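Asker: Need coordinates for the following:
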Amino acid sequence: MIGIGCSLLLSACSTQPLPTEIPQQALGLPAQFNASGTDTPATRWWQSFGDSELDQLVQLALASNPDLQATYWRLQQADAAAAQARSGFWPRLTGGLENTEQRRGASNDFDFSGAENEGNSWSGRLAAGYEVDLWGRVRSGARAAEAGRLAQEDSFQVTALTLAAEVTNVWLQLQEAWGQQQLLDEQLEINQKTLKVLELRFGGGVSAAADVFQQRQLVEQSQQELAQSRADIQVLQVQLAALLGVNRDQLPAFVDALDGLPPLPALPATGVPSELLLRRPDVRQAQRALLQGHYLADQAWADRLPALTLGLLFSGGGRALSDIAEDWLLNFSAALDGVIFDGGNLAAAERQQEAVEQERWAAFRNAVMQALSEVEQALINEQAIRERLSFLETRAQLADQITLRQRRAYGQGSVDFLNVLSATDNQQSLERQLLTAHRELLENRVTLYRALSGGLPEQDLPQPPALELEVYRVENQ
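Answerer: Numbers count the residues shown, from 1 in each chain. The predicted model follows:
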């Protein structure tokens, strides 16, 4: 009966962390987000970018990232703690077996009368103890531990989602960095060709020395930016390797290839805010932490009340091992124990847990507000970046025309070379800004996907084997 009751209680805790109407009623959520698409977000949302190499990198990170593996072992700790708490529903049974060998010394002055003072004897005992859960102390402790396990399960999902987003963002930054490097190579080649033309014109007495120096400065700037781009690629590769739990030399070969930024997928359906909050792992984690605080407060209240403990002791003994079962004594006891005075210790502990519950309610509300904010900000930023891209594209087209006309005018001697230099620098800067804006748009979509995600498939999450760590232990000499 106890086991059935425990199962029902824990099942309720697992399936209903909080009533579904709590977010809408207590938090005043909006009926809908300010924008929404029509596509259903994929569970493995990074696959929406259509990049098989990105998919491989995310899967590698999920399988071998040390931080995610550490979170897995924290989940195992929480699972063991929940099992320990559930053990309180069952009696505790202990046993002992003792053998005594007794001999009398020949020179002993004491008078031992009776043959029983010498020889071999056996004794054994079995003791059972059980706390009757009058006030729900054990039940509240088990529920709190189970809520903690479920919260750690959600923490595992949060860490996995964060890891997938970090790998995706680093991969997008790498794609942009390679694109920037290619663009800078092309710009450097153009600037060097222009410098050669100016040097020839200067040798012919057509161009001024200042024009040559200005163009040389632009070439140096391009070389500086190109060197920085190469360094950025190396740094990003190191970051990616750390996320994958490997050294940079162990990165897959395709990490050194240029694929270009993927196209932006269609805007996903954002759904209803209250439904989003009930499926997001971080919000579920905050809900279950709140539940845990509630049960811990109940447990602290029950700790102040008397505890009823039932005890059963079976003991026996004799000269032979079989005598234990023949000559035995059975004791049954019932004890009611309670604290009469403790200087306010238990009362203070109860107040502390009540404060913990209030803190976790505030943390839950904050998690809800942050979840809403992430979605809304991502939707607003996407629109803003799209508009910025549109302006940049128009400016880049105009810059191309301006640069072309300034070069023609300079060739005709109607404008100073500084005009050409300024137009060229602006044109090349806009080309790089366009590439960066495309990457920012994709990164913002990663933020939206992660904000809408309800977690990853269980088969994507690691279950690393336990390692033999004896070799890493240092004995104190």
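Asker: mind listing the helices for the protein?
Answerer: Chain-ordered helices for the chain, with DSSP state H as the definition, fall at 2-15, 22-27, 52-64, 66-86, 137-203, 209-244, 273-279, 281-303, 323-326, 345-411, 417-452.
Asker: Report the angle between the fifth one and helix 417-452.
Answerer: By that I understand helix 137-203. Angular relation of helix 137-203 and helix 417-452 on a 0 to 180 degree scale: 160 degrees, by axes from the mean of the first three to the mean of the last three CA atoms, to 10 degrees.
Asker: And the closest residue to Ala128 other than its chain neighbours, how far from Glu326?
Answerer: By the measure of CB to CB, 6 or more residues apart in numbering, the closest residue to Ala128 outside its immediate chain neighbours is Leu312, 4.3 Å from it. Yep, even glycine has a C-beta here, placed from its N, CA and C like the rest. When distance is defined by CB to CB, to the nearest Å, Leu312 is 19 Å away from Glu326.
Asker: In terms of neighbours, single out the busier of the two.
Answerer: Between Leu312 and Glu326, counted using other CB atoms under 10 Å, Leu312 has the larger neighbour count: 15 against 10.
Asker: residue contacts, the residue nearest to Ala128?
Answerer: In this structure, Leu312 makes contact with Ala127, Ala128, Gly129, Leu330, Asn331, Phe332, Ser333, judged by CB atoms under 8 Å, 6 or more residues apart in numbering.
Asker: Report the beta-bridge partners for the fourth one.
Answerer: Which is Leu330. Applying DSSP bridges to Leu330 gives these bridge partners: Phe314.
Asker: Same check on the third one?
Answerer: When bridges are taken as DSSP bridges, the partners of Gly129 come out as Arg92, Gly311.
Asker: how about low-confidence regions in the stretch 51-200 of the chain?
Answerer: Applying pLDDT under 70 to the stretch 51-200 of the chain flags residues 104-118.
Asker: can we see that at 90?
Answerer: Within the stretch 51-200 of the chain, the stretches with pLDDT under 90 are 96-125, 194-195, 197-200.
Asker: And the closest residue to Leu313 other than its chain neighbours, how close does it get to Gly311?
Answerer: What sits nearest to Leu313 in space, not counting adjacent residues and going by CB to CB, 6+ apart, is Asn331, at 4.2 Å. Counting by CB to CB, the gap between Asn331 and Gly311 amounts to 8 Å.
Asker: neighbour-wise, which of the two wins?
Answerer: Taking other CB under 10 Å, Asn331 and Gly311 do not tie; Gly311 has more neighbours (15 against 10).
Asker: Does the more buried one touch Phe332 like I think?
Answerer: Yes: under the contact definition of CB atoms under 8 Å, Gly311 touches Phe332, with a separation of 7.1 Å.
Asker: my read: Gly96 touches Gly124, true?
Answerer: Yes: in this structure Gly96 lies within contact range of Gly124 using CB under 8 Å: 6.6 Å.
Asker: Compare the two (neighbour count), which wins?
Answerer: Counting neighbours by other CB under 10 Å for Gly96 and for Gly124 shows that Gly124 has the greater number, 19 against 10.
Asker: For Thr43, see how far away the more buried one is.
Answerer: Gly124 sits 58 Å away from Thr43 when distances are taken as CB to CB.
Asker: For Pro41, grab the count of nearby residues.
Answerer: Neighbourhood size, Pro41 [other CB under 10 Å]: 20.
Asker: Double-check it against Ala266; I have them as touching.
Answerer: No: counting by CB under 8 Å, Pro41 does not reach Ala266; the two are 10.5 Å apart.
Asker: and the nearest residue to Gly317 once chain neighbours are set aside, what does it touch?
Answerer: On the basis of CB to CB, 6+ apart, the spatially nearest residue to Gly317 that is not a chain neighbour turns out to be Ser123, at 3.4 Å. Applying CB under 8 Å, 6+ apart to Ser123 gives the contacts Leu97, Glu98, Thr100, Ser315, Gly316, Gly317, Ile324.
Asker: which one of the contacts of Leu312 is nearest Leu54?
Answerer: Nearest to Leu54 out of the contacts of Leu312 is Gly129 (CB to CB; 57.9 Å).
Asker: Could you tell me how far the closest one is located from Ala42?
Answerer: Gly129 is 54 Å from Ala42, by CB to CB.
Asker: ok, now which ones touch Arg74?
Answerer: If a contact means CB under 8 Å, 6+ apart, then Arg74 has Gln152, Ser155, Phe156 as its contacts.
Asker: My error: substitute Ala210 in the last question.
Answerer: With CB under 8 Å, 6+ apart as the criterion, the residues that contact Ala210 are Phe417.
Asker: just to revisit the earlier point, out of the contacts of Ser123, which is most surrounded?
Answerer: Among the contacts of Ser123, Gly317 has more neighbours than the rest - 21 neighbours, counting by other CB under 10 Å.
Asker: is it true that that one touches Asp323?
Answerer: Yes: judged on CB under 8 Å, Gly317 makes contact with Asp323 at a distance of 6.4 Å.
Asker: and for those two, which residues touch both?
Answerer: The contact lists of Gly317 and Asp323 share Trp122, where a contact means CB under 8 Å, 6+ apart.
Asker: count of neighbours near the nearest residue to Ile233 once chain neighbours are set aside?
Answerer: Counting by CB to CB, 6+ apart, Ile233 lies nearest to Ala177, which is 4.7 Å off, once chain neighbours are set aside. Around Ala177 there are 23 other residues, counting by other CB under 10 Å.
Asker: what sits against Ala177?
Answerer: Applying CB under 8 Å, 6+ apart, the residues near Ala177 are Ser229, Asp232, Ile233, Leu236.
Asker: what's the spacing between it and Leu441?
Answerer: Applying CB to CB, the value for Ala177 to Leu441 is 16 Å.
Asker: can you check Val219 too?
Answerer: Applying CB to CB, the value for Val219 to Leu441 is 31 Å.
Asker: Who has more neighbours out of those two?
Answerer: When Val219 and Leu441 are compared on other CB under 10 Å, the one with more neighbours turns out to be Leu441, at 19 against 16.
Asker: OK, contacts around the more buried one?
Answerer: Leu441 makes contact with Leu264, Glu382, Ile385, Arg386, Leu389 under the criterion CB under 8 Å, 6+ apart.
Asker: pLDDT averaged over stretch 423-431, what's the number?
Answerer: For stretch 423-431, the per-residue pLDDT values average out at 93.
Asker: Now it: buried residues?
Answerer: Neighbour-count burial for stretch 423-431 flags Ala423, Thr424, Asp425, Asn426, Gln427, Gln428, Leu430, Glu431 (criterion: 16 or more other CB atoms under 10 Å).
Asker: for stretch 60-79, same thing?
Answerer: Leu60, Ala61, Leu62, Ala63, Asn65, Leu68, Gln69, Thr71, Tyr72, Leu75, Ala78, Asp79.
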